[in-house]
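Engineer: My questions are about this predicted structure, shown below with the sequence.
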Amino acid sequence: MAARIERLVTSGQFSLDGGTWDVDNNVWLVGDDHEVIVIDAAHDADAIAEAVGDRRLTAIVCTHAHNDHVNAAPLLAERTGAVIWLHPDDLPLWHQAHPDRDPDAWLTDGQVIEAAGADLTVLHTPGHAPGAVCLYDPGLGALFSGDTLFQGGPGATGRSYSHFPTIIDSIRDRLLVLPPETKVHTGHGDPTTIGAEAPQLDEWIKRGH
């Protein structure tokens, strides 16, 4: 059975630099009827565990460590035995949310995470956060972009640990080179495609300066 993609939307709060905002997050599940990977365990471990059901949860992959993307990860891992993966450059952000627990394993650029026939290649795409990653599966024609790329532009870079020129470089060099039909599954909001976003690069750069 081929891997499939499922989306769960959870709600909670994002906090950074002394501010707090209400947010809705996309939690992505990639797998089949037997095993599954969770991308970004946001806000509600109960709801995510219910979506996983009786399948084996092999990994919880964090696209970055802002609290709204990782706040349910330790509890979900405790319940399921899954391994929490994070890029090491985001450890300072992780510790803002979880000061007493480290991730279980470190993501590296080019690493492939496998589950249920899916092969998710890790692309290190700093800018929104130092350790931000995207996950690309050519077989599924899918990119999981976290908060690096959205419908209509790059992720926010106005807060600590973020940098606008870096996110532009990441998107241009790592993401816009993917096939234009690649579907982009974002950390918040609606999906898009590489082909829909690529023509807007110059406009993003103008707006960002």
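Structural biologist: Done, it's in. Numbering: from 1, shown residues only.

Engineer: Send me stretch 48-55 as PDB with only the CA atoms.
Structural biologist: Extracted C-alpha coordinates of stretch 48-55, given in PDB (Å, rounded to 0.1, in the frame of the first residue of the first chain):
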ATOM      1  CA  ILE A  48      -2.700  13.700  17.100                       C
ATOM      2  CA  ALA A  49      -2.700  10.400  18.900                       C
ATOM      3  CA  GLU A  50      -6.300   9.900  17.800                       C
ATOM      4  CA  ALA A  51      -5.400  10.600  14.200                       C
ATOM      5  CA  VAL A  52      -2.500   8.100  14.400                       C
ATOM      6  CA  GLY A  53      -4.900   5.500  15.800                       C
ATOM      7  CA  ASP A  54      -3.500   2.000  16.200                       C
ATOM      8  CA  ARG A  55      -0.700   2.600  13.600                       C
END
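
Engineer: Could I get the phi/psi values of residue 89?
Structural biologist: Per-residue torsions, residue 89: phi -70, psi -10 (degrees, to the nearest 10).

Engineer: List the contacts of the helix or strand bottoming out on mean pLDDT in the chain.
Structural biologist: Sorting the helices and strands of the chain by mean pLDDT, DSSP states H and E puts helix 201-208 at the bottom, at a mean of 87. Identification of contacts with helix 201-208 by CB atoms under 8 Å, 6 or more residues apart in numbering yields 153-154, 157, 164-165, 168, 171-172, 176. All C-beta spots, glycine's among them, are computed from the backbone N, C-alpha and C.
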